[in-house]
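A.B. asks: sharing a model prediction with you, sequence too.
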Amino acid sequence: MSYFDAASSAPLHPVARQALLASLDEGWADPSRLYREGRRARLLLDAAREAAAEAVGCRPDELAFTSSGTRAVHDGIAGALAGRRRVGRHLIVSAVEHSSVLHSAELFEVTEVPVSRTGAVSPQSYVDALRPDTALACLQSANHEVGTVQPVAEVAAVCRQAGVPLLVDAAQSLGWGPVEGEWSLLTASAHKWGGPSGVGLLAVRKGVRFSPQGPVDERESGRAPGFENLPAIVAAAASLRAVRAEAAQEAVRLRELTARIRARVPRLVPDVDVVGDPEKRLPGIVTFSCLYVDGETLLHELDREGFSVSSGSSCTSSTLTPSHVLKAMGVLSEGNVRVSLPFGAVSEEVDRFLEVLPGAVAAVREKLGAPTPSAVVREDSLVVDALGKRCPIPVIELAKVIGDVPVGGTVRVLSDDEAARLDIPAWCEMREQEYVGEEPADNGTAYVIRRIR
């Protein structure tokens, strides 16, 4: 089985396993106690904090261990906004942040900064979003779905000039290297770099106004209540140091493998859109979307062939809505596949994936079939009734009838699937047809397409 979903959770690093087992014997006592076992546990905790702080690029007393990366994000945002409550409650986030950031932002007055089709923000967008009552800005170091690296240093400079702290979600990138720029707060999650789950990092620079929320606890400078999971913390710090030592060499190798996927997938599979920045990206992530393909079915096909990958398609999520990242980028979401290679992934596995993928996509398209569209001619336009049908069916029906109208004629696709709002314009761009826009329709929306070739 080839595990290609390291962006969700990386396999446990061997160093993490060794450190975890060793600290189970040595680090079980309360590190706040003064007797021998407590002092031994305190030494382990302090050493782990120093190692993690060195990797982050902060002082040990600026870093706290939390119960998860999500907890670190929630506590970081809440604490920073509470510390600057006299300034205001306005928060700036990018439209492609991790859901933990976006869910936290829902509690405050928020401005979402748009991104380009590659998934990157513009520093100028943060300048434009700043207000006198802006208390905090947030920006991920790199995107978890498409791998695009964000201009953190430039945005940090903009925020510092305005006197606004910047919180950086570094979950995806910290294993590859420190985050550049003068950030104010930083969060990360150990299971993203091969540490154990249940350990997050929250770094708060000295001088940043920060007021921890919730009941006061004396542990972790009051920023992370509860007894420290010392064996997991030691394993997280040890594995972070280990992956950093391997990162430069491994990055070169994984970039070659993902570049191979980016180049060959469009040649092997028709009607594919490879998304994300081709250059400014994390070494191990490549994402593409396939027209006329159901994402969940494709994942099952690849799973049967021995590949574990993930998807941002609406049909693979519990909400039945397309990925907010792909939606913000304005790219095709259906038939979406994210390949995220772990440390140690080998060339032979990638080559076998490229051999299997065309057949898997073709099998899904064949299983999905080409439904006979319910189409009627109304004056000079064609109306396709796809109400009640989930994407990619509305797109498939559009593709089947676009040739039935003359050049200059229009097709109106009736759909009540939210994903159609993203996928029909994306199809038009890929097939060089004109997307006119959308109109209200009974029980849904009418998407208007003009044939131009």
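C.D. replies: Looks like it came in fine.
A.B. asks: pull out the buried positions in stretch 435-443.
C.D. replies: Neighbour-count burial for stretch 435-443 flags 438, 441 (criterion: 16 or more other CB atoms under 10 Å). All C-beta atoms are positioned from the backbone trio N, CA, C, and that covers glycine.
A.B. asks: list of residues touching it?
C.D. replies: The contact list for stretch 435-443, computed with CB atoms under 8 Å, 6 or more residues apart in numbering, reads 387, 410, 412, 414, 416, 421, 424-425, 428-429, 445-450.
A.B. asks: which of those residues fall in strands?
C.D. replies: Counting by DSSP state E, the part of those found in strands is 410, 412, 414, 445-450.
A.B. asks: which of those residues sits closest to residue 39?
C.D. replies: residue 445 (66.1 Å; CB to CB).
A.B. asks: residue contacts, that closest one?
C.D. replies: 414-416, 420-421, 438-439.
A.B. asks: show me which of the contacts of stretch 435-443 are buried.
C.D. replies: By 16+ other CB under 10 Å, the contacts of stretch 435-443 give 387, 410, 412, 414, 416, 421, 424-425, 428, 445-450 as buried.
A.B. asks: mind checking how far residue 47 is from residue 27?
C.D. replies: Distance of residue 47 to residue 27, computed by CB to CB, to the nearest Å: 10 Å.
A.B. asks: wait, doesn't residue 228 sit right on residue 65?
C.D. replies: Yes - shown here, residue 228 and residue 65 form a contact pair, counting by CB atoms under 8 Å, at 6.3 Å.
A.B. asks: between those two, which contacts overlap?
C.D. replies: residue 220.
A.B. asks: not counting sequence-adjacent ones, nearest residue to the residue nearest the centre of the chain?
C.D. replies: With distances taken as CA atoms, centre = their mean, residue 144 lies nearest the centre of the chain, 2.4 Å away. Computed as CB to CB, 6 or more residues apart in numbering, the closest residue to residue 144 that is not its neighbour in sequence is residue 172, at 5.1 Å.
A.B. asks: just checking, that neighbour is part of a strand?
C.D. replies: No - looking at residue 172 with DSSP: H, G, I helix; E, B strand; the rest coil, it is coil, so not inside a strand.
A.B. asks: quick check: it touching residue 148?
C.D. replies: No - counting by CB under 8 Å, residue 172 stays clear of residue 148, with 10.2 Å between them.
A.B. asks: what is in contact with the two at once?
C.D. replies: With CB under 8 Å, 6+ apart as the test, residue 172 and residue 148 both reach residue 142.
A.B. asks: average pLDDT for stretch 17-24?
C.D. replies: For stretch 17-24, the mean per-residue pLDDT is 94.
A.B. asks: stretch 311-319 too?
C.D. replies: 56.
A.B. asks: before we move on, what about stretch 176-196?
C.D. replies: Regarding stretch 176-196, the rounded mean pLDDT is 97.
A.B. asks: just the endpoints, please. Distance across that stretch?
C.D. replies: 17 Å (CA to CA, to the nearest Å).
A.B. asks: mind starting the numbering at 722 from now?
C.D. replies: Yep, numbering from 722; the last one is stretch 897-917 now.
A.B. asks: list the buried ones in that stretch?
C.D. replies: Quick answer for stretch 897-917 (16+ other CB under 10 Å): 897, 899-900, 902, 904-917.
A.B. asks: ok, stretch 741-760 next?
C.D. replies: 741, 744, 748, 750, 752.
A.B. asks: and residue 919, how far is that from residue 810?
C.D. replies: 31 Å.
A.B. asks: same question, residue 1052
C.D. replies: From residue 1052 to residue 810 the distance is 33 Å (CB to CB).
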